[in-house]
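In: The sequence and its predicted three-dimensional model are supplied below.
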Amino acid sequence: MEKLIETNELYTNFNTFEGVVKALNGVGVVVNEGETYGLVGESGCGKSVTVRSMMRIVQAPGKIESGKVVLFFRAEDRSKGIDIIDRSEAYMTSIRGDSISMIFQEASTSLNPVLSIGYQVGESFHYHRRPQMLKETIAELDAEIGGKLPPLSKAWRSVTKRLLARELREREAYDARIDEIDKELYALEEQEGAGDVSKKRDLNARRDALQDHSALTGFFMGVPFLKRYRKRLEKTVHRHVVELLRTLGVPNPERIADAYPHELSGGMQQRIVIAIALACHPVLLIADEPTSNLDVTIQAQIIDLIKRLKEATISSVLFITHDLGLVAEVCDRVSVMYAGDVSETAAVQELFKKPLHPYSQGLLNSVPKVEQDGELATIPGAVPNLIVPPTGCRFHPRCPKKMDVCSASKPPMIEWAPGHWVACHLYTDGKR
């Protein structure tokens, strides 16, 4: 199974007035092609920070201090991949929403209240699928010009077609320049060492400096009499938006596309957020607790929708949750996180059948069972303050099996069984 994305020794900190919050402590995860990968753990363990670091959208005062985030599906040599930590912001913008999309926790806060649903879903088509939208609109105009229309109408359509064709040529030229810079960057990264650092910096600056807009288009956008040529492009985008909403099972998609977020229910808002994420058929969909604050009926519908989309259009899903039952239902592999560390990674069935790490065992033991009598099992203690995290293994203050070495050094991640990885000193000597 080929890798899609991998993080290696990822450290992310937040500089606050109280001190430096060490949110990620050398996190390493690997998402393979065609799988649903789960990240599970308590609130505040670093799940969302991990995926935000992978997309380089950590908000201030957060900062990625070190580590690698390697994309394999964008590299010419998939065995090596591309480290995106040092790539330009323009490069990341071309990836976000296109190759990698994310469903955020709160649908209501992810949508702009003053913009229509159609506009917000259509932004992805405008930015990432602009040439395709222009070509479709030009083809429609060609068909209309060849039909029976009054001379004035044909003249208007001819002018509109020429303007759109001009914009298409400029966009294709822009994309060609971007491709040239990306190839030069990739060639530098392939060199022994890290290549010429100053040249890489210059290439990234050049990429950021390129502006994806047409001077001609900008001029005509300011002329009210000629703005109508833009409406043809908007009509094409709107048609794609309605088709996407219909595919996602949104009832009456034409009306919903013209509605505003406050007019929709929580479950419908979540479907719109999913539509925005899926507009460009991403290779990897990151779902950050997509069913939070929804009732159980709507949760089931959203989970079923993601599963069906995974089978039909998405290569892989990275699913973030604190619900172990949801992990068992939707995921193929899972990583358990605690206080910024990955404590265990395994296939879902293997993790539930034979959890190795004491924290994983505690989580599974704390799940209520139908036949259970008496008090529920708990993990003693509390989540540590990550401004002053425990030394060594961050779980050792709460671990019932702790040893002296646990507070002295951080345990390495070892493969205890094929595909079953654990970071615990109980297994570092090959014995349990």
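Out: Perfect, I can see it now.

In: Flag every buried residue along the lengthiest strand in the chain.
Out: If you go by DSSP state E, the chain has its longest strand at strand 3-15. Using 16 or more other C-beta atoms under 10 Å as the test for burial, strand 3-15 gives 3-7, 10-14. (C-beta placed from N, C-alpha, C; glycine too.)

In: List just the nearest of these to Ile314.
Out: Ile314 has its nearest neighbour among the buried residues of strand 3-15 in Leu4, at 11.0 Å by C-beta to C-beta.

In: related to what we said a few turns ago, can you list the strands that the very next helix or strand once past the longest strand of the chain pairs with?
Out: Toward the C-terminus, strand 3-15 is succeeded by strand 20-27 as the next helix or strand (DSSP states H and E). Partners of strand 20-27 in the sheet, by DSSP bridges, are strand 3-15 (antiparallel).

In: which residues sit against the partner strand?
Out: Strand 3-15 is contacted by residues 20-33, 49-50, 53-54, 58, 61-73, 78, 81, 100, 283-284, 315-316 when judged by C-beta atoms under 8 Å, 6 or more residues apart in numbering.

In: which of those residues count as buried?
Out: Counted by 16+ other C-beta under 10 Å, those give 21-33, 49-50, 53-54, 58, 62, 64, 67, 69-73, 81, 100, 283-284, 315-316 as buried.

In: contacting residues around Gly118?
Out: If you count contacts by C-beta under 8 Å, 6+ apart, Gly118 has them with 238, 241-242, 257-258.

In: can you give me the helices for the stretch 251-400 of the chain?
Out: Taking DSSP state H, counting those that start in this stretch to define them, one finds helices in the stretch 251-400 of the chain at 253-257, 266-278, 296-312, 324-330, 348-353, 358-365.

In: any idea how the chain splits into domains?
Out: What automatic domain parsing lists as the domains of the chain is 1-114+266-368, 120-259.

In: lowest confidence element among the helices and strands of this structure?
Out: Ranked by mean pLDDT, DSSP states H and E, the weakest helix or strand in the chain is helix 215-221, scoring a mean of 50.

In: Val51: neighbouring residues, count only.
Out: By the measure other C-beta atoms under 10 Å, the count of residues near Val51 is 20.

In: pLDDT wise, what is Lys431 at?
Out: For Lys431, the pLDDT comes out at 53.

In: do Ile256 as well
Out: Taking Ile256 on its own, its pLDDT is 94.

In: Quick check: it vs Leu244, distance?
Out: Noted for Ile256: a distance of 11 Å to Leu244, by C-beta to C-beta, to the nearest Å.

In: Mind listing the shared neighbours of the two?
Out: Both Ile256 and Leu244 lack any common contact, where contact means C-beta under 8 Å, 6+ apart.

In: which one of the helices of the stretch 251-400 of the chain lies closest to Ser94?
Out: Of the helices of the stretch 251-400 of the chain, the one closest to Ser94 (C-beta to C-beta) turns out to be helix 266-278, at 16.1 Å.

In: quick one, that closest one and helix 296-312 angle?
Out: Put simply, helix 266-278 runs at 20 degrees to helix 296-312, going by axes from the mean of the first three to the mean of the last three C-alpha atoms, to 10 degrees.

In: Check which helices and strands helix 266-278 is in contact with.
Out: For helix 266-278, the packing partners by 3 or more C-beta pairs under 8 Å, 6 or more residues apart in numbering; DSSP states H and E come out as strand 100-103, helix 107-110, helix 117-128, helix 228-247, helix 296-312.

In: For Arg207, which of these is the nearest?
Out: helix 117-128 (15.8 Å).

In: got the CA coordinates for the very next helix or strand once past the closest one in CSV?
Out: Moving toward the C-terminus from helix 117-128, the next helix or strand (DSSP H and E) is helix 130-145. What follows is helix 130-145, C-alpha atoms only, in CSV (Å, rounded to 0.1, in the frame of the first residue of the first chain):
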residue,chain,number,x,y,z
ARG,A,130,-10.8,27.9,-13.1
PRO,A,131,-9.5,26.7,-16.5
GLN,A,132,-12.1,23.9,-16.5
MET,A,133,-14.9,26.4,-15.7
LEU,A,134,-13.6,28.8,-18.5
LYS,A,135,-13.5,26.0,-21.1
GLU,A,136,-17.0,24.8,-20.3
THR,A,137,-18.4,28.4,-20.5
ILE,A,138,-16.6,29.0,-23.8
ALA,A,139,-17.9,25.8,-25.3
GLU,A,140,-21.5,26.8,-24.3
LEU,A,141,-21.0,30.2,-25.9
ASP,A,142,-19.7,28.5,-29.1
ALA,A,143,-22.9,26.4,-29.3
GLU,A,144,-25.1,29.4,-28.8
ILE,A,145,-23.3,31.5,-31.4
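
In: Show the average pLDDT along helix 130-145.
Out: 91.

In: centre of the chain versus that helix, how much separation?
Out: How far helix 130-145 lies from its chain's middle: 31 Å, per C-alpha atoms, centre = their mean, to the nearest Å.

In: Show me what it is packed up against.
Out: The contact analysis (3+ C-beta pairs under 8 Å, 6+ apart) places helix 130-145 against helix 151-190, helix 228-247.

In: So which of these is the most surrounded?
Out: Mean neighbour count (mean count of other C-beta atoms under 10 Å) peaks for helix 228-247 among the helices and strands packed on helix 130-145, with a mean of 18.

In: Quick one: list the elements packing against that one.
Out: Using 3+ C-beta pairs under 8 Å, 6+ apart: helix 228-247 touches helix 117-128, helix 130-145, helix 151-190, helix 253-257, helix 266-278.

In: give me that answer again for 10 Å
Out: If contacts are counted by 3 or more C-beta pairs under 10 Å, 6 or more residues apart in numbering; DSSP states H and E, helix 228-247 sits against helix 117-128, helix 130-145, helix 151-190, helix 215-221, helix 253-257, helix 266-278.

In: For Thr391, find the nearest of these.
Out: helix 151-190 (35.8 Å).

In: so the closest one versus helix 228-247, what angle?
Out: Using the same axes, to 10 degrees, the inter-axis angle of helix 151-190 relative to helix 228-247 is 70 degrees.

In: Now do helix 151-190 against helix 130-145, angle only.
Out: 160 degrees.
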